[in-house]
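J.: sharing a sequence plus its predicted fold:
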Amino acid sequence: MTVLYETRGPIALVTMNRPRYRNAQNSAMTYALDDAFTRAVDDPDVAVIVLAGAGDHFSAGHDIGTPERDADTAFPRRAVSWWDHTDRAGADRRFAREMEVYLGMCRRWREIPKPSIAMVQGACVAGGLMLAWVCDLIVAAEDAFFADPVLRMGIPGVEYFAHPWALGPRMAREALFTGDRFGARRAYEVGMVNRVVPREELEAQTFALAGRIAEMPPFGLALAKRAINLCEDQMGMRAGMDAAFGLHHLAHAHNAETSDDPLAGMDAAAMKKAAR
């Protein structure tokens, strides 16, 4: 199973379960995550959702090279009203898929009415950032590191472009312009991460925080979450993300036109080698 689900009292634990591939996100995982989140939302006994990654890493990002990469597979669309990508060509094909699987799903999860906490260890890279950013809080182990290195592909950031809001404009520029990793402590300093804890205490401290939140009135939590989301959108988050998504696909199209490769020849191995 690509995603595991369990409840511990009022807390639902949703675990990405592709540790062999550092929990790289293929479409099967995306829809399994959506099933798990929906299950938690529909369960009246669940007050808080914790998102975790099995193994040594939270998530290495989008699946761009494992044997289970399923970019050519059709899935039932839930996030946007758009056509299936598999019978389309060129920019139409990529735009249709990423509107649904990446941007659309992340926005759908951001709107979950129950508080969510990302429990992050090891790598949280590119698409992994998107999964952490849709959560309301982030608790990171001291060994956690973060990066959005896709500018090495000539692409101005991942599809769910929350960088200026999650990192602040200057740190967003540094992270994107260099593609370099930054650690949990730096992420805490710029306000992206709520707490940094020793690796051996990550689960206990995350669940302690989740338990504290679970004591609050559920409808009040839902309204507070919606209020904050609406304020972020009033500060331009949704419109800015739409604009950045268009630039993201302009970059893919430019790469395909100039090099016959929408990723500019940067496969998973090349991206890992370039990481610092």
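T.: Received, thanks. Since we're looking at a predicted model, the values are computed, not measured.

J.: let me see the contact set for residue 3.
T.: By C-beta atoms under 8 Å, 6 or more residues apart in numbering, residue 3 lies in contact with 14, 15, 16, 17, 29, 32, 33, 35, 36. To be clear about C-beta, it is placed using only N, CA and C from the backbone, and glycine gets the same treatment.

J.: the stretch 1-150 of the chain: helices as residue ranges?
T.: Assigned helices in the stretch 1-150 of the chain, in chain order: 27-42, 90-98, 105-110, 127-133 (criterion: DSSP state H, counting those that start in this stretch).

J.: any quick ChimeraX command for the buried ones out of the contacts of residue 3?
T.: Here is the ChimeraX command that selects the buried residues among the contacts of residue 3 (16 or more other C-beta atoms under 10 Å):
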select :14,15,16,17,29,32,33,36
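
J.: can I get the contacts of residue 3 in CSV with distance to residue 190 and pLDDT?
T.: Shown next, in CSV, are the contacts of residue 3 (distance: C-beta to C-beta, whole Å; pLDDT from 0 to 100):
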residue, distance to residue 190, pLDDT
14, 26, 98
15, 27, 98
16, 25, 98
17, 30, 98
29, 28, 95
32, 31, 97
33, 26, 98
35, 33, 98
36, 29, 98
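
J.: can you tell me which of the contacts of residue 3 is nearest residue 221?
T.: Checking the contacts of residue 3 against residue 221 with C-beta to C-beta, the nearest one is residue 14 at 17.6 Å.

J.: any idea how far the closest residue to the closest one other than its chain neighbours is from residue 17?
T.: Closest residue in space to residue 14, ignoring its immediate chain neighbours: residue 36 at 4.4 Å, by C-beta to C-beta, 6 or more residues apart in numbering. Distance, residue 36 to residue 17, by C-beta to C-beta, to the nearest Å: 11 Å.

J.: again, but for residue 128
T.: 14 Å.

J.: in the strand or helix carrying residue 233, which residues are buried?
T.: Assigned by DSSP states H and E, residue 233 belongs to helix 218-234. Buried residues in helix 218-234, defined by neighbour count with 16+ other C-beta under 10 Å: 218, 221, 225, 229.

J.: residue 1: neighbour count?
T.: By the criterion of other C-beta atoms under 10 Å, residue 1 has 10 neighbours.

J.: what does the model give it for pLDDT?
T.: On pLDDT, residue 1 comes in at 93.

J.: do the same with residue 129
T.: pLDDT at residue 129 comes out at 98.

J.: any idea of the pLDDT on the residue nearest to it when sequence neighbours are not counted?
T.: Distance criterion C-beta to C-beta, 6+ apart; nearest residue to residue 129, sequence neighbours excluded, is residue 148 at 5.8 Å. Per-residue confidence (pLDDT) for residue 148: 97.
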